[in-house]
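Engineer: Provided below for reference: sequence and predicted model.
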Amino acid sequence: MHYPRPVFQRQVVLFVLFISLSFPSFANKFFEDKDAFFIKYLKQENFDFDVNSAAIVIYEKSSTELNNNNGVFYIRQQIRRIIKILNKNGLSYADVSITENGGSEISRVKGVTYNLVQNSLDRQILEKSSIYTTKSDYLVSAKFGLPSVREGSIIDYSYTVERPLSLLILDWEFQAKIPKLFSDVEVFTPYDLNLRPVILGTLAFHEIGNAKKEIDEISLPDACEFVEQGTGIDFSKRRWIRKNIPVIKDEPFTTIENYSEKLKLLITGVQEPRYAVSIMDTWEKLNHYLLNSFHFYKPIEQVHSSVFEKANLLIKGISDPVEKARILYHFVQKEFSCKGDSRIWIWQDMDKIFENRSGSASELNLLFITMLGYAKLSCSPVIIATSDETKADGAFPYLEQFDRTICELTIGSKKYLLDASVDHCPFGILPNECYNGYAWVIGKNGGHSLYLNSQEAKDKIIYLLNVSWVGDTVMEIQGSEKIGMVSGINLRDELAKDEKNVRTYILDNFENLAADVKIDDVKIDQLDEPDTSLMLNYSLTLNLKQPANIFYLNPNFIKFFAENPFKSMKRYLPIEFPGNEERMYIMRMQMPIGYAPELSGNPVLIKYRENEMSFKYTAQYDSTLRVLSVNKNFTLSKTQYSSSDYKDIQTFFDKMMQEENNIITFKKE
């Protein structure tokens with residue numbers, strides 16, 4: 001990330017990088033930059049794992065070093081990646097997009113496409129004119145498409161990135177959406193820097209150590225690590241090799257970013273004062289740094305006249321502090337567009353954000369915090385890692401792990417966590433992506449940590465259906481749905497794009513019926529009031545097309561789950577439900593004269609660990625009133641489970657789905 005000032009404060013620098021090193025040599029290397037290597041893999045059509053993949057990374061290498069330019073340190077990373085396109089679905093991998101945070105530089109972009117033409121190696125070079133670069137305060141990017149790519153081609157591209165020095169030297173993803181045969185990562189650093197590797201994923205790296213002999217790359221284990229000390233006084237080299245990397249497989253109800261194989265390398269200190277630096281190695285230092293940053297906290301303390309006037313105008317005559325905060329929250333939420341990505345920072349002038357009515361998520365939340373301050377309400381910025389990022393690590397403070405700033409508001413003894421950048425998000429509720437673990441609250445008198453868990457999110461949906469017959473095979477349904485505060489966020493988003501989307505939503509709910517469904521009327525209430533439940537009321541006509549004397553019907557017109565989300569035989573990742581929830585379904589069917597349902601069995605109650613999950617189902621028939629009543633209820637009161645719980649949870653959902661799929665026989669009396 002491009003910081004307003006370097007994380008390292010240079011005072012005295014007497015640092016020269018000596019390249020005269022004597023590291024171990026590697027015999028029988030996996031990759032050699034020769035025609036024979038490319039011809040071998042162009043001819044190879046099948047690979048031993050992930051046979052359904054559209055492409056495969058044959059080889060990739062990252063080489064990172066700390067450089068010094070006139071006393072200013074920066075990080076240089078060189079990356080090379082060689083990919084074979086296995087089928088037409090893999091052609092998109094030839095369109096490459098490289099994105100880095102603002103303040104970085106992308107250079108030395110090169111690319112080649114290899115094909116076999118009459119059994120000879122054909123090279124097509126990427127032209128410089130085909131490389132498109134963009135640069136802003138937020139991001140720098142380079143985009144290009146490799147030439148002459150077809151099924152069976154090998155693409156080979158490389159580039160160099162230079163970044164401002166920070167505590168995070170390296171952030172490397174071993175696992176991707178396509179498999180990899182060989183991933184090689186090396187880092188050159190001054191020997192007297194203390195480094196902390198953070199390895200995410202389930203595989204342990206075998207440490208080879210400071211070996212001095214030749215090493216056979218082909219026979220190395222699938223995950224290994226080297227620490228190599230050169231003969232020069234300044235350098236050490238760390239190297240990680242990962243072979244035969246499977247695809248990261250997404251599983252239902254999990255945050256995939258938290259579990260894919262990654263490597264992060266952090267600077268945690270200096271062994272001796274050969275050169276003096278101040279390292280932001282405590283959360284207190286991070287708190288102090290952000291409080292004094294003109295791209296974070298300082299703009300909050302300044303007076304922005306237009307913002308000040310608007311804040312006071314909006315809350316004029318309001319005495320209740322919660323109502324003041326609610327008014328300001330919805331003003332920012334409804335009047336401003338969320339555009340761009342500034343991570344946790346504010347890069348635009350706040351007056352410009354206010355004038356243009358747009359900013360990044362963090363910029364809008366820092367504007368909101370500023371308005372709360374003008375209203376004399378107690379609030380603080382909170383830096384978080386959303387579910388788009390790996391869960392933040394509370395063991396060591398480095399800013400790159402956080403990607404959004406939100407707000408903590410304190411009124412009396414109650415605290416509210418707020419994100420004003422998300423459309424249709426209710427006051428006092430965070431969107432699901434914010435519940436992703438460790439967070440830090442920046443405070444004037446010292447900060448503190450938070451742990452954001454989806455256990456805090458609560459949702460409730462109620463379905464009410466009144467069904468009447470207007471013929472032997474035609475039913476009319478009067479439906480009402482009270483949508484939960486959390487689930488209402490996404491549905492309001494869809495309806496805000498086009499209210500006709502409500503018809504798609506309703507038809508999706510009834511898609512499992514063996515009937516033609518016609519929507520006669522729809523009414524939406526409280527669409528623009530996110531602090532209240534969204535209400536849907538509709539009228540439907542169902543044509544069952546069944547014989548008159550006997551027919552079969554599932555009275556669960558709306559199913560809580562269309563199918564069991566846990567179908568796989570084995571689970572590898574933890575289960576993370578988006579929040580606590582309750583779903584209620586109440587159906588009343590007025591039976592036509594001459595027909596009666598055949599009911600069997602008692603009320604059903606399925607439990608998992610007492611009431612952590614439960615499903616209740618009852619079906620009753622009142623022969624006097626000729627009314628069939630079906631009630632069902634699903635509750636979830638715990639959101640986090642380990643993979644070892646998978647079989648029991650799978651069984652619970654199997655049983656619930658079996659009950660939801662029960663068919664009732666209706667006969668003519």
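Structural biologist: Perfect, thanks for sending it.

Engineer: pop out the phi and psi values for the residue positioned nearest the centre of the chain.
Structural biologist: In the chain, the residue lying closest to the centroid (C-alpha atoms, centre = their mean) is Asp388, at 2.6 Å. Dihedral pair for Asp388: phi -70, psi -10, per degrees, to the nearest 10.

Engineer: how about the contacts made by it?
Structural biologist: Glu257, Asp403, Glu433 (C-beta atoms under 8 Å, 6 or more residues apart in numbering). Where you see a C-beta, it was placed from the backbone N, CA and C, and this is true even at glycine.

Engineer: name the nearest of these relative to Asn356.
Structural biologist: Proximity of the contacts of Asp388 to Asn356 was ranked by C-beta to C-beta; the top entry is Asp403 with 22.4 Å.

Engineer: all helices for the stretch 201-350 of the chain, in order.
Structural biologist: 283-291, 298-301, 305-314, 321-335, 350-356 (DSSP state H, counting those that start in this stretch).

Engineer: just the stretch 351-500 of the chain next, same as before
Structural biologist: Counting by DSSP H, counting those that start in this stretch, the stretch 351-500 of the chain has helices at residues 361-374, 487-497.

Engineer: surely Leu430 meets Ser421?
Structural biologist: No. The pair Leu430 / Ser421 is not scored as a contact, 11.0 Å apart, by C-beta atoms under 8 Å.

Engineer: any idea how far the spatially closest residue to Asn258 that is not a sequence neighbour is from Arg571?
Structural biologist: Nearest residue to Asn258, sequence neighbours excluded (C-beta to C-beta, 6 or more residues apart in numbering): Lys391, at 4.7 Å. Per C-beta to C-beta, to the nearest Å, Lys391 is found 19 Å from Arg571.

Engineer: now swap in Tyr617 and tell me
Structural biologist: For Tyr617 relative to Arg571 (C-beta to C-beta), the value is 26 Å.

Engineer: returning to that earlier point: out of the helices of the stretch 351-500 of the chain, the one nearest Gly103 is which?
Structural biologist: Relative to Gly103, the nearest member of those by C-beta to C-beta is helix 361-374, separated by 16.2 Å.

Engineer: the closest one: how far from the chain's middle?
Structural biologist: A distance of 24 Å separates the centroid of the chain from that of helix 361-374, by C-alpha atoms, centre = their mean, to the nearest Å.

Engineer: what does stretch 591-603 give?
Structural biologist: 47 Å.

Engineer: between the two ends of it, how far is it?
Structural biologist: Stretch 591-603 has an end-to-end distance of 21 Å (C-alpha to C-alpha, to the nearest Å).

Engineer: identify all contacting residues around that stretch.
Structural biologist: 469, 471-472, 616-621, 623, 626-628, 664-669.

Engineer: pLDDT on that stretch, on average?
Structural biologist: Taken as a whole, stretch 591-603 has a mean pLDDT of 83.

Engineer: okay, and the beta partners of Pro190?
Structural biologist: Phe235 (DSSP bridges).

Engineer: quick check: it touching Phe235?
Structural biologist: Yes. Contact criterion C-beta under 8 Å: Pro190 and Phe235 qualify, at 7.1 Å.

Engineer: circling back to that earlier point, now do the contacts for the residue nearest to Asn258.
Structural biologist: Applying C-beta under 8 Å, 6+ apart, we find Lys391 in contact with Thr255, Glu257, Asn258, Ala385, Asn436, Gly437, Tyr438.

Engineer: got CSV for these, with neighbour count and distance to Ile315 too?
Structural biologist: Putting those into CSV (neighbours: other C-beta atoms under 10 Å; distance: C-beta to C-beta, whole Å) gives the following:
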residue, neighbour count, distance to Ile315
Thr255, 22, 37
Glu257, 18, 39
Asn258, 19, 40
Ala385, 25, 32
Asn436, 26, 32
Gly437, 18, 34
Tyr438, 18, 33
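
Engineer: Ala142: which of those residues is nearest?
Structural biologist: Glu257 (23.5 Å).

Engineer: tell me who's in contact with the closest one.
Structural biologist: Per C-beta under 8 Å, 6+ apart, neighbours of Glu257: Ser387, Asp388, Glu389, Thr390, Lys391.

Engineer: redo that, cut-off 6 Å
Structural biologist: Residues near Glu257 by C-beta atoms under 6 Å, 6 or more residues apart in numbering: Thr390.

Engineer: what pLDDT is listed against it?
Structural biologist: Listed pLDDT for Glu257 reads 86.

Engineer: try Val277
Structural biologist: 58.
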